[in-house]
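[1] Give the three-dimensional model of this entry:
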Amino acid sequence: MSSNAPQAQQAQNDPFTPRREHGGYWRARKVGKGRNRHWEFRGRQQDEVVKAVLRKSKFFLITPALPFIASVLGLIVVGALISINPSGDSFWVFLEVIMLILVILTGVYFAYKDLALWWVETYIITNKRVLIWKGLLSPRREEFGVDKVVQIASEQNSLMSLLLNYGDVHLYLVGGKQPILEKIHDPKRVRDLFEKVTDEYKQNKPAKEESHQNPQNEKLQNALAQLAQKEELPTLPNPDEKYTRYHQPGRVRGPLRTFGGPLHLPCNVKYTVDEYTVRYIQRARSVLIGKYIIPVLIFLGLIISLFYFPSFDLYISIGILIMIFVFIFIFIDYWDDIYILTSKRVIDINRKFVFLDEEHLSIEYGQIKDVRVEVSNPLYIALNVGKVIVETPGNNPDLTMRVIDHPFAVQDMIYTIKGHKEKVDKIKSANERKEQLNQWFGTIISTMEQSVLGKGVPNLQKLDLFTAAERASALGMKVVPVGEVSSYPNIAPGLIVSQNPMPGTLVESKDPNERPEIHVFLSRRP
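    Reported below is the predicted structural model:
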């Protein structure tokens with residue numbers, strides 16, 4: 001039995017082996033006990049871990065279930081009336097049969113049309129991919145890797161969706177495709193979970209690191225170290241330095257600027273390892289002034305009314321108090337409507353109802369197709385305000401900065417940061433290549449030093465036999481005197497006159513246990 005287990009496991013992971021994967025009514029199920037309990041589904045790879053199994057919010061079962069619920073209540077009411085008046089005519093019995101038939105029909109229709117389809121429409125998020133299952137009698141499956149996702153956004157457009165905590169999660173893929181996880185519970189948590197999964201996937205990518213040895217020669221070590229010296233990465237200004245007081249130890253890295261005025265609500269944006277804030281962009285002050293015009297006029301009218309209608313001073317005072325809260329709300333809403341330029345992306349922060357909801361859309365600089373500025377009227381030209389549109393290719397959403405100060409300067413700023421990121425990426429790539437070359441050359445030189453191959457014959461001329469033997473031995477060679485020659489005018493007797501091989505020659509020993517020989521001729525003694 002155990003001998004067949006590896007073959008069964010191999011067949012399960014082999015994509016060319018036909019097998020049943022759609023799982024029927026059960027797309028995924030929990031198996032195991034206690035702490036070992038985990039999600040399992042057909043077709044799961046050996047090293048694949050299920051992070052979440054999602055369905056539409058259960059709230060969406062209430063509306064389609066209303067006919068079934070109404071028929072059940074009708075059957076209960078008819079049954080109660082019959083029990084109260086057991087001597088009733090056959091009409092009540094007929095009505096009870098009709099209600100029973102309605103219960104069966106609406107129940108079967110709800111069970112298949114809504115409940116079963118709700119159950120099988122499953123979103124499975126693993127550490128490698130996302131699977132979207134739909135359909136019961138005609139099952140469909142859509143699958144894509146987490147490395148294909150370039151943007152993630154959650155959407156809750158209504159107050160009901162905020163109160164019931166449901167919404168959509170949009171996944172923007174390479175190539176413009178846009179799958180949507182529809183009407184799921186707690187979409188912001190799912191968005192954050194998916195961002196964490198993608199970050200873990202990028203961090204856990206196997207790095208090709210090869211061990212190498214450094215040469216023993218100090219000059220070669222210094223030369224390699226100088227060639228492998230990495231270029232320092234340039235940095236951009238970080239406005240979060242003035243918000244360090246809001247930093248919370250243990251909190252996931254993100255913008256340090258808070259929201260909600262005195263509430264100091266943290267931003268839900270999560271930064272990657274080497275990402276940081278470069279600039280916060282506030283909407284133009286003219287936007288705030290425009291929002292204040294009508295409330296200020298109402299407030300002044302209430303103040304004046306206190307003098308002309310003293311009998312209504314209580315109601316007018318309440319109105320003044322309400323307008324003060326309106327002023328505060330307008331200011332907080334304006335203050336919280338910002339755009340963030342980070343070292344990696346452009347982010348649009350959109351808070352709703354002060355503290356109830358926050359949505360954000362982000363575009364990485366590598367995904368930017370164009371940045372346009374639109375100044376729509378002469379008044380905006382005079383006030384130096386306008387609209388900056390960050391365009392992306394395909395069906396990916398564009399990001400629009402509406403009515404901001406100095407729009408052309410912001411456009412230049414985005415291009416500057418984009419160019420800075422490209423420069424940083426090039427420097428990182430160059431540093432990685434230097435590290436790779438350092439490993440390669442270090443390994444080659446060390447191998448050449450440790451082996452006979454590649455060792456040059458030293459220059460032994462004009463050395464005595466003892467000194468020459470020491471120098472050759474340090475390089476793994478040995479000196480063999482083969483004769484004497486007549487004295488040379490500039491060489492004293494007993495010193496080496498000539499050698500074979502010549503200095504600098506690369507030698508190789510046929511037997512690794514033997515040292516290469518250097519044959520030398522000595523100057524003849526008188």
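
[2] hey, where'd the helices end up in the stretch 401-526 of the chain?
    Using DSSP state H, counting those that start in this stretch, the helices assigned to the stretch 401-526 of the chain run over residues 407-450, 465-474.

[3] name the helices or strands packed onto the longest one?
    If I follow you right, that is helix 407-450. Packed against helix 407-450 by the contact rule (3 or more CB pairs under 8 Å, 6 or more residues apart in numbering; DSSP states H and E) you find helix 218-227, strand 277-282, strand 338-342, strand 370-374, strand 385-391, strand 399-405. C-beta: built from backbone N, CA, C; applies to glycine.

[4] Off-centre distance for that helix?
    21 Å (CA atoms, centre = their mean, to the nearest Å).

[5] can you check stretch 388-401 too?
    From the chain centre to the centre of stretch 388-401 is a distance of 19 Å (CA atoms, centre = their mean).

[6] who touches I417 in this structure?
    Listed by CB atoms under 8 Å, 6 or more residues apart in numbering, the contact set of I417 reads 236, 278, 341, 343, 365.

[7] returning to what we had before: with respect to G107, which of the helices and strands packed on helix 407-450 lies nearest?
    Among those, the nearest to G107 by CB to CB is strand 399-405 (47.7 Å).

[8] Which parts of the closest one count as buried, going by neighbours?
    Buried residues in strand 399-405, counted by 16 or more other CB atoms under 10 Å: 399, 401-405.

[9] now for the helix or strand hosting I322, which elements pack on it?
    Here I322 sits within helix 313-336, counting by DSSP states H and E. If you count contacts as 3+ CB pairs under 8 Å, 6+ apart, helix 313-336 packs onto helix 285-308, strand 345-352.

[10] And the strands in the stretch 151-300 of the chain?
    Shown for the stretch 151-300 of the chain, the strands assigned by DSSP state E, counting those that start in this stretch span residues 166-173, 180-185, 277-282.

[11] Would you mind giving the helices and strands packed on helix 407-450 as a markdown table with distance to I289 added?
    What follows is the helices and strands packed on helix 407-450, written out as a markdown table (distance: least, CB to CB, whole Å):
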| stretch | distance to I289 |
| --- | --- |
| helix 218-227 | 60 |
| strand 277-282 | 13 |
| strand 338-342 | 17 |
| strand 370-374 | 21 |
| strand 385-391 | 11 |
| strand 399-405 | 11 |
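
[12] Can you say which of the ones you listed is packed in most?
    Stretch with highest mean neighbour count among the helices and strands packed on helix 407-450: strand 338-342 (a mean of 23; mean count of other CB atoms under 10 Å).

[13] Please save the CA atoms from it in PDB.
    Output of strand 338-342 as PDB, limited to C-alpha atoms (Å, rounded to 0.1, in the frame of the first residue of the first chain):
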ATOM      1  CA  ILE A 338      -6.100  63.100  -0.400                       C
ATOM      2  CA  TYR A 339      -3.900  61.400  -2.900                       C
ATOM      3  CA  ILE A 340      -0.600  59.700  -2.000                       C
ATOM      4  CA  LEU A 341       2.500  59.400  -4.100                       C
ATOM      5  CA  THR A 342       4.700  56.600  -2.800                       C
END
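
[14] Just checking: what are the partner strands of it?
    Note on strand 338-342: by DSSP bridges, its sheet partners are strand 277-282 (antiparallel), strand 345-352 (antiparallel).

[15] Now do it and strand 399-405, the angle between them.
    Calculated by axes from the mean of the first three to the mean of the last three CA atoms, to 10 degrees, strand 338-342 forms an angle of 110 degrees with strand 399-405.

[16] quick check, M99 in a helix?
    Yes: M99: assigned to a helix according to DSSP: H, G, I helix; E, B strand; the rest coil.

[17] Just the pLDDT for the closest residue in space to it that isn't next to it in sequence.
    Of all residues not flanking M99 in the chain, L75 sits nearest, at 4.1 Å (CB to CB, 6 or more residues apart in numbering). pLDDT for L75: 86.

[18] Run through the residues that contact L75.
    Contact analysis of L75 by CB under 8 Å, 6+ apart lists 96, 99-100, 102-103.

[19] just the buried members of these?
    Taking 16+ other CB under 10 Å as the criterion, what is buried in the contacts of L75 is 96, 99, 102-103.

[20] Can you convert these into CSV and add a column each for distance to M160, pLDDT and secondary structure?
    Output for those, formatted as CSV (distance: CB to CB, whole Å; pLDDT from 0 to 100; DSSP: H, G, I helix; E, B strand; the rest coil):
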residue, distance to M160, pLDDT, secondary structure
E96, 37, 81, helix
M99, 32, 87, helix
L102, 29, 90, helix
V103, 29, 88, helix
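
[21] which one of these is nearest G254?
    Using CB to CB, the shortest approach to G254 within the buried ones among the contacts of L75 belongs to V103, at 52.5 Å.

[22] That closest one contacts V72, correct?
    Yes: the pair V103 / V72 is scored as a contact, 5.6 Å apart, by CB atoms under 8 Å.

[23] From what I see, L256 and D240 are in contact.
    Yes: at 4.2 Å, L256 and D240 qualify as touching, with contact defined as CB under 8 Å.

[24] which neighbours do these two share?
    T277.

[25] more neighbours, those two?
    Using other CB atoms under 10 Å as the criterion, L256 and D240 rank with L256 on top: 21 against 18.

[26] Check the gap between the more buried one and T244 for me.
    Using CB to CB, to the nearest Å, we find L256 at a distance of 7 Å from T244.

[27] Identify the residues contacting A65.
    Here A65 is in contact with 110, 114-115 (criterion: CB under 8 Å, 6+ apart).
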